[in-house]
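Asks: no sequence for this one, just the structure:
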């Protein structure tokens, strides 16, 4: 099943399959992390398993809403550090576009007392659609689709993609004066000199042949 369009998409995905692996463009390879090149925090996704595990279908485009749930994550604070704020980001580093890394979700203003996130925490929590605040009271930077979070939806035939979830501990809040203009790059720039810890968990997923 799938029809002619699926075969066309699959062929295109296969043709572009060598274009992937944009690891150097991860946010953790930016200047904000030059003094802490290795993770010093532990991030886990209990529902899925150790880093490198496959995301469950309800975390992806196969979910009932077509968007996918954010996987539950837990983390440990960095040792001997006074954390003021956490930043959480999910990046796809295997897009079929050279040197491009896209964020599926980017959240900041996460209180230092928080050590876990669930899908309920990251839903849009304001009646004002232009106000980028989640139900947990965190702030977010809209992704390429203009939404809070978008689960994995790699091209058919392109193979398995890696979705890198990174928790970042800051010793100072971002304190952005124009949050509506924030982008992934501007958050990366604003974290320079403030990062005191980070941890990563990687989930994988490949789009199945349509039924």
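Replies: Here it is on my side, so go on. None of the values given here were measured: they were computed from a predicted structure.

Asks: quick one, strands of the chain?
Replies: Using DSSP state E, the strands of the chain run over 43-44, 73-75, 85-92, 102-110, 116-117, 139-140, 161-170, 195-205.

Asks: How many neighbouring residues does the closest residue in space to residue 27 that isn't next to it in sequence have?
Replies: Nearest non-adjacent residue to residue 27, counting by CB to CB, 6 or more residues apart in numbering: residue 188, 5.4 Å away. C-beta here means a position set from N, CA and C on the backbone, and glycine is covered the same way. Residues within reach of residue 188, counting by other CB atoms under 10 Å, total 20.

Asks: these two touch, right, residue 188 and residue 26?
Replies: No: in terms of CB atoms under 8 Å, residue 188 does not count as a neighbour of residue 26; the distance is 10.0 Å.

Asks: Out of the strands of the chain, which is closest to residue 126?
Replies: Set against residue 126 and scored by CB to CB, the strands of the chain come closest in strand 139-140, at 10.4 Å.

Asks: Which other helices and strands does that closest one contact?
Replies: strand 102-110 (3 or more CB pairs under 8 Å, 6 or more residues apart in numbering; DSSP states H and E).

Asks: Identify the residues contacting the strand it packs on?
Replies: 70, 85-92, 95, 117, 122, 134, 136-141, 143-144, 148-152, 163, 173-174, 184, 187 (CB atoms under 8 Å, 6 or more residues apart in numbering).
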